[in-house]
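1. sequence-free structure coming up:
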């Protein structure tokens, strides 16, 4: 299995496929409008994306933010026909390595384990050493017409994040969602 991880940007060969996957993988209330998402890559210096290919074929992406003293994973998606091959693990692993080298926590949101898919996702993250913390978190809406909804906050450094959760959440609200904290 030959895979390659590379930077994702609007000038990247696989960007149109990433856009299609972004729309297919996330319901509207869990993602930005496509033009806004595209513009983040260009205009927001702390927003990053990585693409992964398998045997030369686009297979998925991860987007994340480098915020002050932590990394925030916004989206991770793998093409349906490429799932269960460890590609998501490789993308998360590349970010875990970066976090380890900088001693920064990674924070991400996940659904509460109330559906089989949500349970599977949570188990996936836990296998990577990323666990939920005890915090009543609400994801702000991406659009003014949407509403906030409860999610779990997960991290690979639960002791650090639990001690400063409010600071991390406020930074996520301000930087990622442009939402007053």
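-> Looks like it came in fine. Bear in mind that the values here come from a model prediction, so they are computed numbers and not experimental data.

2. Against residue 59, how distant is residue 109?
-> According to C-beta to C-beta, to the nearest Å, residue 109 stands 23 Å off from residue 59. C-betas here are computed from N, CA, C, even on glycine.

3. Pick out whichever of those two has more residues nearby.
-> Under the neighbour definition other C-beta atoms under 10 Å, residue 109 and residue 59 were set side by side, and residue 59 has more, 26 against 20.

4. so that one sits in a strand?
-> Yes - assessed with DSSP: H, G, I helix; E, B strand; the rest coil, residue 59 lies in a strand.

5. quick one: pLDDT of it?
-> The model reports residue 59 with a pLDDT of 97.

6. Repeat that for residue 1.
-> pLDDT for residue 1: 79.

7. all helices for the chain, in order.
-> 15-25, 34-43, 87-102, 116-127, 158-163, 165-175 (DSSP state H).

8. What are the buried residues along the third one?
-> Going back to what we said before, that points to helix 87-102. For helix 87-102, a neighbour-count test (16 or more other C-beta atoms under 10 Å) marks 87, 88, 90, 91, 92, 95, 96, 99 as buried.

9. check contacts around the closest residue to the fifth one other than its chain neighbours.
-> Pointing back at residue 92 there. Spatial nearest neighbour of residue 92, excluding adjacent residues (C-beta to C-beta, 6 or more residues apart in numbering): residue 128 at 5.5 Å. Neighbour list for residue 128: 89, 92, 93, 96, 156 [criterion: C-beta atoms under 8 Å, 6 or more residues apart in numbering].
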